[in-house]
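Trainee: next come a sequence and a model predicted from it.
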Amino acid sequence: MSTHATTRIVGAPVPRKEGVDKLVGRACYVDDIKREGMWYGATVRSTIPRGLIRSIAFDRRIDWNELTVVSAADIPGENIIQLIVADQPCLADGKVNHCEEPILLLAHPDKHKLREALGGVKIEYDPLPPIFTIEESERQDQIVWGADNLLKSFLLEKGDVDSAWARAAHIVEGEYRTGAQEHLYIENQGIIAEYSAQNGVTVWGSLQCPYYVFKALRGVFDLPEDKVRVVQTETGGAFGGKEDYPSVLACHAALLAKKSAHPVKMVYDRMEDLAATTKRHPARVRHRTALDKDGKLLAIEIHLDTDGGAYATLSSTVLSRATLHSTGPYLCPNVRVRARSWATNHVPYGAFRGFGAPQAVFAMERHMDEIAAVLGVDPVDLRRMNFLHEGDTNATEQLMREPMMLDRLLDRALQESGYHAKRAQFARENARNPVKRGMGIAAFYHGSGFTGSGELYLNSLAGVDVTPEGKVRVLVSNTEFGQGTNTILTQIAAEALGIEYSDVTMAAPDTNMVPNSGPTVASRTSMVVGRLIERACLQLIYLLREQAGLGATYASEEFLAACERYRDAHGEVSSMCRYEAPPGIYWDDQKYHGEAYGAYAWAIYVAQVAVDTVTYSAEVEDFWAVQEVGRVLHPVLATGQIEGGIAQGIGYALYEKVVLADGRMTNNQMTNYIMPTAEDVPPIHVYFEEIPFRHGGYGAKGIGELPHDGPAPAILNAIRDATGVSFTAIPLLPEDLYAGLVASQPVEEPASP
Amino acid sequence: MNANGNARKDAHWPAIRFTVNGESRTVNVPPMKRLLDVLREDLHLTGTKEGCGEGECGSCSVRMNDELVNSCLVPVLQAEGAEIQTVEGLALDGELHPLQEAFLRNGGAQCGICTPGMLMAAAQLLAHSPHPSEAEIREALAGNLCRCTGFVRIFASIASAAGASESEPAQEPIGQSDLERTQHAR
């Protein structure tokens, strides 16, 4: 165990592994690649939210012999995108369940002729009544999915909620809503596919999870493992948006490649990407909370409902994480969370950084401020009074056995932000100032890795090898898309092997070359995969010492010489490790009880906002983020993760609105889907407290998703502090602020004529 | 469509001449073809990226006649006689440009897709304002969207590059091994 030892490379700000390639413009993204004889592909999509396909007609002015046209009838295997539930067709077959659902695929050697051909396909429908809201879905007037529209439900129970209400000094209720959010990775979705009878399907693309795409292709093409190959190209942002969707696009491109007998490139333009691909699940969260006279939590009851869209995709696992993050970092003896994900005729919602937690944390942390207002206590004191501590059990009755420091994080956040002094100052100044300022706080956690037994189910395999050319390679299917996978995993390997950072490289993220070390999601790479790499390297060093004469201390050349001696004796130099659960882990998938996550990252965020009561704009003026994420493997990358996540969280709270009309996104352009720009992002002050986690790579826990969870509630709490008005829904745009602030004004007597 | 195919088919288009990264280039392409596509498809300079195709994201930013332009909004006929600089023209003789080095040190690039455009916007700023204030940096980048960094490390990178240009480099130079083509030999 090296978590407490001094490290040479782990914790140092080494240059990003693929940084130079990105900075000089030679990093190769999918749209930068051309294959010999390559055609281009496009998608004919549903223009209605629900109905039967009556007819498909092809404009006779177009020479269809020049094109390849693929329909569901061309699918050699199952017409299903394999994910969790087998419900989503690869191509619609007779029926559509959402706007933009793919129906036909076209390919042509010329992009411009392809575009003309797209306009030459006319589809007629017999429409069926669609549903677009959680409320319509739960009323079950129209059944659009399964027997009851219910994609998934969970019930989490601790103690006895029902008997707590009678003992309560206060009962506080609230309803909170969060909107859809677009990932807005700057590189759109894209795949290039090739097919040959001999090699089967090969795809290159912008994606997070090569083995998810691998599984989907095997199903659609009915091919054995050795006839499918998935290669990740440099990926220009993902944020969860390239977790599940690339499986769809890869199957499409590969179907066109097979039928046309040409490599086919499909790269969406921005409008298609925004309209047709997944977004964050909209949610409605209802809280009912019992407290004693001092403000201690007696019972928490939550009804959490999400709009999952037309197919199940990842809605069940997003709902699971929402459930497990819904009660906050607080001790409460009695808890009931009833969570449901509902089908509608929206484009399916999917994974997005935080994966259900931002919705749940928004509701809980907004609700805490409402409770504080009812009780007349300081929101900080209410939180501190109810914090979880080491030795407590959380909502799933998981024992908090690792050291915790929520009080210390809170103290630091208050001190660095000058929270109390600023609140007092703003309270004095606001009365005579049309710009109202306020301070808001959010306390939260994010569970690292797959939920419960998920990591055991993934059964990840990862390791290192040394090639005959003397290249030390990290072998994982975990991908780089900006977060720093390449850098931190090679840091860990170099550290554990006792060689230099520049001596270690990443093997290509290609399913022909790397084992399945699980998907690059769920804040699991540093903690889970990092630990596998650390173990594999220590195992290799042990073997080299025992069997190849590696000394107690050595330079890189001596390490490589020992590798060559080992190779002579054993044929190859490689060391692989499979995931093993930390001891004492227990999880009941039916009752949602036990160790929900191997580790938690903890955070306190503070926002300072200014609300202009003339223009009704709200601006985040300053932001403080204090967190404990285990060991920080790379200070610059870690800080960048926090800052970037906070910027996305600010967008989630104040700017980013997916406007839907009849099931279609109507603002599917960067011109009118607004993310924070360089002029909008406030100074962000990032602080880490470190408690190395014994079972994470060099002590790391997860970090990537945490920073998206806290900004929205901190900002809306600050707006409440500034204006005295409670806003319970995001995004909170100026028109929403106007409506809320005007509604809160006392009605003025009309002036006499 | 490969380059040969383009050349054959497009030979009847009038020649358009301009300079890219100090080299004079001639293309025979439809005059309304986007400069972005000419750079990427005809000149194989794929460092310049497309993010939105409507001039919002700035990923396709290049410098043209000492102005920062979105190359997705420039028909190539407007580039006749122009001097154009793309990201490929920043590093010289294997030496990173001070901005590139500052981005590397300060975490200015994450996924990298906005980075070429960001670098061009930053280079344009520093060409006219060698010691910009934070407000000037923010304004200069207002047309370039980054979804990964929250911009903070990019501001720091530019400030650092501006500072380093007059004082001696505060950090050790980056080793040759870092400049080699790294990772994922594909």
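Mentor: In hand now; what should we look at? Numbers count the residues shown, from 1 in each chain, chains lettered A, B, ... in the order given.
Trainee: I'd assumed residue A:696 was in contact with residue A:531.
Mentor: Yes: Residue A:531 lies in contact with residue A:696 (Cβ atoms under 8 Å); the separation is 5.6 Å. In this view, the C-beta of every residue, glycine as well, is placed from N, C-alpha and C.
Trainee: and the residue of chain A closest to chain B?
Mentor: residue A:25 (2.1 Å; Cβ to the nearest Cβ).
Trainee: who are the contact partners of that residue?
Mentor: Residues near residue A:25 by Cβ atoms under 8 Å, 6 or more residues apart in numbering or on different chains: B:45, B:46, B:47, B:48, B:86, B:87, B:88, B:116.
Trainee: and the first one, what pLDDT?
Mentor: Per-residue confidence for residue B:45 comes out at a pLDDT of 98.
Trainee: ok but it is inside a helix, no?
Mentor: No: read with DSSP: H, G, I helix; E, B strand; the rest coil, residue B:45 is coil and lies in no helix.
Trainee: do you know how far it is from chain A?
Mentor: Relative to chain A, residue B:45 is positioned 8 Å away (Cβ to the nearest Cβ, to the nearest Å).
Trainee: contacts only, for that residue.
Mentor: A:25, B:20, B:39, B:86, B:88.
Trainee: and what of the fourth one?
Mentor: Contacts here follow Cβ under 8 Å, 6+ apart; on that basis residue B:48 touches A:25, B:36, B:39-40, B:59-62, B:71, B:86-87, B:116-117.
Trainee: one more time with 7 Å
Mentor: Counting by Cβ atoms under 7 Å, 6 or more residues apart in numbering or on different chains, residue B:48 makes contact with B:36, B:39, B:40, B:60, B:62, B:71, B:86, B:87, B:116.
Trainee: could you list the domains of chain A?
Mentor: A:19-27+A:460-578, A:33-128+A:183-276, A:283-451+A:590-743 (automatic domain parsing).
Trainee: now those domains in CSV, with distance to residue A:175?
Mentor: Output for the domains of chain A, formatted as CSV (distance: least, Cβ to Cβ, whole Å):
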stretch, distance to residue A:175
domain A:19-27+A:460-578, 28
domain A:33-128+A:183-276, 26
domain A:283-451+A:590-743, 5
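Trainee: Serialize the ones you listed to JSON lines and add fields for distance to residue A:154 and mean pLDDT.
Mentor: Output for the domains of chain A, formatted as JSON lines (distance: least, Cβ to Cβ, whole Å; pLDDT from 0 to 100):
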{"stretch": "domain A:19-27+A:460-578", "distance to residue A:154": "17", "mean pLDDT": "97"}
{"stretch": "domain A:33-128+A:183-276", "distance to residue A:154": "14", "mean pLDDT": "98"}
{"stretch": "domain A:283-451+A:590-743", "distance to residue A:154": "5", "mean pLDDT": "97"}
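Trainee: host element of the spatially most central residue of chain A?
Mentor: Among the residues of chain A, the one closest to the centroid is residue A:353, at 2.3 Å (Cα atoms, centre = their mean). Under the criterion of DSSP states H and E, residue A:353 resides outside all helices and strands.
Trainee: ok, it to residue A:218 distance?
Mentor: Note on residue A:353: its distance to residue A:218, by Cβ to Cβ, to the nearest Å, is 28 Å.
Trainee: per-residue pLDDT, residue B:11?
Mentor: Reported pLDDT for residue B:11: 70.
Trainee: surely it touches residue B:26?
Mentor: No: counting by Cβ atoms under 7 Å, residue B:11 stays clear of residue B:26, with 12.0 Å between them.
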